[in-house]
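*Asks:* Have a look at this prediction, sequence included:
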Amino acid sequence: MKTLNRRIIREFKVHFGRYLALFFMIVLGMYLVVSIAGMAETTIAGSDKYNKECNQQDGQFTTFMPLTDEQLSDLEQKYGDIEKVFSMDAEVDSIKKTVSGDNKDIVRVFKKRNRIDLVKLDEGSMPEADNEIVIMNLYADRNDIRVGDTIEFAGREFTVSGIGCIPDYNLTVKNPSDMTADPESFGVVFVTDNAYKDLLASGRMGGETYTYAYKLRSGSHRDLKEALKDINIANLETFHENKDNPRIASDAASDVILKRLVSLVAGAILVMLFAYVISVFIIHQINEESSVIGTLYAMGVKKGSLIRHYVMLPTVVTFIAGIIGMIIGFSPVGVDFQMQDSYLYYSIPKMDKVYPLYIIIYCVVMPPLISVIVNILVIRKKLSKTALSLIKNEQENLVKGSHNIKKGRKERNFLRQFTGRQMSREKRSVFTVVIGMTVALLIFMIGLDCFVLCNNVKKQNIDDINYEYMYILKYPMEEVPEAGEACYVKNLAVNYLDYTLDVNMIGIDDDNPFYDFKASGNKKELVIASSTAQKYDLEVGDTFILDDNSEDVRYAFTVSEIVPYSIGLTVYMDIDEMRELFGESENYYNMILSDTELPVDSSHIYAVTKRTDIESAAGIFVDQMMSLIIILIAVSVLIFVAVMYLMLNVMIDRAGYGISLIKIFGYRMKEIRKVYLDGNFFAVILGACIAIPIVKMIADSIYPYFIANTAMGMDLHFEWYLYAEVLLGVAVIYLAISKILTAKIKRIVPAEVLKNRE
């Protein structure tokens, strides 16, 4: 056994490049899984801790007029804590730092909270003086605001005393209906009670919004909602449970569920890839040492000792690679790098890194376990042969008929025939290369799909904006402004793959200038946006079920037409039919579209969306997903390089006998390369032509599960040149690796044929 153990170091030195490629592939795979899954688990655990510390609300509601103290007290006695979280919006006049600058952003001003949705400070302190203010961390970071700087709005200057965040504005959208956040131009701030009263009295702020956050002690959300309706049904403006509130439900923790799912899918693919590559690796090694195994077997070395010997080196290499990949994944270039997307898009505190047990087990146990299982299966099969057959290790007559070779005119024809026979003999090896390439391409395609989806959303959102201003009203005005077009919008909901998302139903007139189609004039039919059709896989004639959660009513509609529109999830109906369906008056409207800014009283306005808001927010989703895209594409390419090198290297090793023979026959390096590398090139390219559309279909089929919690369409359409670029990338990688392996072919000496003959 000592003799066997001494062979381990020699084996490692002889095949160092092969083991290094295997080591590198596993390190990259573990890094990919740990960095993404570790980030997701850190965000989920950190968000849960943050929400508990700050006593996150169970829900909130807004009213047109504030509740009386008596009404509020009665509700609290029956249902639990209810806190006023009234707010006003103001346009920022300037932010003064080292150099003064002008900024026309919007800040939402709140009083300090006492019980629910408390402020979590990153630095500084809560405002004590009436000229002090706490600013949301994400807005502060995007605008380079520090403690001690000043901000001016409504004619007053405030000194920044602290920077922090609140759990009811994880996603910092101005309005719940906004599709994406723009934390650079919108932020939340907190002032003292006196400062808030002074701002309200100044007349320079937007209208006050009467919002109440509640924490249930008894009863249910529905009971509280019914109680509010009993008080005055006309006074209840909105009612949101946390799961229906996009500022809370669309938080960092829910967003990373997508990334965790991607990492687990990628991890499952990697397990298959590792098992496959290691099996090819081990099979070749055992075949290469068949005579050694047979000799040792004949000398009385037991089967168990031989198995332990051949299992040890690949198992140690994969074990160390798994640990190093895990360490790098948990390092600043792994989890911390992935966390940056959440910190850049969501207003959350810095979170302590967590080390989930399942990730550690995956990295430490999975690679060596696969190595052990594959090795044992392969070696047991090999040792089922007799010692004599193992010792003989008979070689195929790789150049059958070579004695008839004639130089000259027939040489070129012979090379073509020999190349064909060589590929036929190595069809199993070529197949292994194509399979390994396909698995690596699947991870690559998931990342590329993500990139294409984000870019399509960005471009189409900008192209599909058909207005300059959208006004969402609390209640309609007596007359629609002259340049405005009245519409009726209602939020309904769809439950799909265990996620509930809002769908905007918009009622429009036939002559609405902002839509170049006619909405359905039938209450049982809908025209739906292309994003909605993509999201829910709908076609004309399908039934689409929408829920009105505010009234606990479900509606079933038939899809009459699909129109191109990518912003959010939207459906359309004739405005008169929609009014009748939902019991509104014949002139009711709550949305105005316009090409110009309208003179709408702020007391009527619930939200205003400008074209520029959508344009600036269109690229945010791309930025948010960019680190995931980069890591999936980069790591998959590197894994593909490692797999391709390992597979081709094995093929060259297997062909060592034949290469030695044709060197004896006097063939030049250029001709040998054509036989053993260029022939495989065409096989790999053909395999890539087949594999690329297959992995594209697989990636597309699993993507609905990745973005199930996102209110967006799923346009994964590729331009033709992307397919060509992927194919070109495969060709470039193959040619680069074959160039490296050409040097290995040069090192094969003709004496090889003498060593292996009987």
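*Replies:* All right, it came through fine.

*Asks:* could you point out the longest strand in this structure?
*Replies:* Counting residues, the longest strand found in the chain (DSSP state E) is strand 484-496.

*Asks:* Any stretches of the stretch 251-400 of the chain with poor pLDDT?
*Replies:* Along the stretch 251-400 of the chain, the parts satisfying pLDDT under 70 run over 251-255, 258, 382-383, 392-400.

*Asks:* before we move on, back to that, next, the angle from the following helix or strand past the longest strand of the chain to strand 484-496.
*Replies:* Next along the chain after strand 484-496, taking DSSP states H and E as the criterion, comes strand 499-508. Using axes from the mean of the first three to the mean of the last three C-alpha atoms, to 10 degrees, the direction of strand 499-508 lies 150 degrees away from that of strand 484-496.

*Asks:* Which other helices and strands does strand 499-508 contact?
*Replies:* Packing contacts for strand 499-508, counted by 3 or more C-beta pairs under 8 Å, 6 or more residues apart in numbering; DSSP states H and E, involve strand 484-496, strand 570-574, helix 575-581. Where you see a C-beta, it was placed from the backbone N, CA and C, and this is true even at glycine.

*Asks:* Reformat those as TSV; add distance to Leu661 and mean neighbour count.
*Replies:* Output for the helices and strands packed on strand 499-508, formatted as TSV (distance: least, C-beta to C-beta, whole Å; neighbours: other C-beta atoms under 10 Å):
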stretch	distance to Leu661	mean neighbour count
strand 484-496	63	19
strand 570-574	70	24
helix 575-581	82	18
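
*Asks:* Just put the ones you listed in CSV and tack on mean pLDDT and distance to Leu22.
*Replies:* As requested, these are exported to CSV (pLDDT from 0 to 100; distance: least, C-beta to C-beta, whole Å):
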stretch, mean pLDDT, distance to Leu22
strand 484-496, 89, 42
strand 570-574, 94, 51
helix 575-581, 93, 63
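
*Asks:* can the ones you listed go into CSV with extra columns for distance to Leu741?
*Replies:* Listed next are the helices and strands packed on strand 499-508 as CSV, based on distance: least, C-beta to C-beta, whole Å:
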stretch, distance to Leu741
strand 484-496, 50
strand 570-574, 55
helix 575-581, 68
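
*Asks:* Figure out which of these is closest to Lys174.
*Replies:* Distances from Lys174 to each of the helices and strands packed on strand 499-508 were compared using C-beta to C-beta; the minimum, 15.9 Å, belongs to strand 484-496.

*Asks:* how distant is that closest one from the center of its chain?
*Replies:* With C-alpha atoms, centre = their mean, to the nearest Å as the basis, strand 484-496 stands 28 Å off its chain's centre.

*Asks:* Only C-alpha atoms, please: export it in CSV.
*Replies:* What follows is strand 484-496, C-alpha atoms only, in CSV (Å, rounded to 0.1, in the frame of the first residue of the first chain):
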residue,chain,number,x,y,z
GLY,A,484,-56.3,66.0,-20.8
GLU,A,485,-57.9,62.7,-21.7
ALA,A,486,-60.0,61.1,-18.9
CYS,A,487,-59.6,57.3,-18.2
TYR,A,488,-60.7,55.0,-15.5
VAL,A,489,-58.0,52.8,-13.9
LYS,A,490,-58.6,50.0,-11.3
ASN,A,491,-56.1,47.7,-9.7
LEU,A,492,-57.1,44.0,-9.9
ALA,A,493,-54.9,41.1,-9.0
VAL,A,494,-53.7,37.7,-10.4
ASN,A,495,-52.3,34.8,-8.4
TYR,A,496,-49.8,33.0,-10.4
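
*Asks:* residue ranges of the helices in the stretch 401-550 of the chain, please?
*Replies:* 411-425, 427-464, 530-536 (DSSP state H, counting those that start in this stretch).

*Asks:* Select, out of those, the one closest to Tyr555.
*Replies:* Nearest to Tyr555 among those is helix 530-536; the distance by C-beta to C-beta comes to 14.6 Å.

*Asks:* quick one: contacts of the closest one?
*Replies:* 494, 496, 503, 538-539, 544, 559, 562-571, 704, 712-715 (C-beta atoms under 8 Å, 6 or more residues apart in numbering).

*Asks:* Ala699: how many residues sit nearby?
*Replies:* As a burial measure, the neighbour count of Ala699 was computed by other C-beta atoms under 10 Å and equals 22.

*Asks:* ok so, going back, buried deepest among the helices of the stretch 401-550 of the chain, which one?
*Replies:* Using mean count of other C-beta atoms under 10 Å, the stretch among the helices of the stretch 401-550 of the chain with the greatest mean number of neighbours is helix 530-536 (a mean of 23).

*Asks:* now it, how far from the chain's geometric center?
*Replies:* Using C-alpha atoms, centre = their mean, the offset of helix 530-536 from its chain centre is 19 Å.
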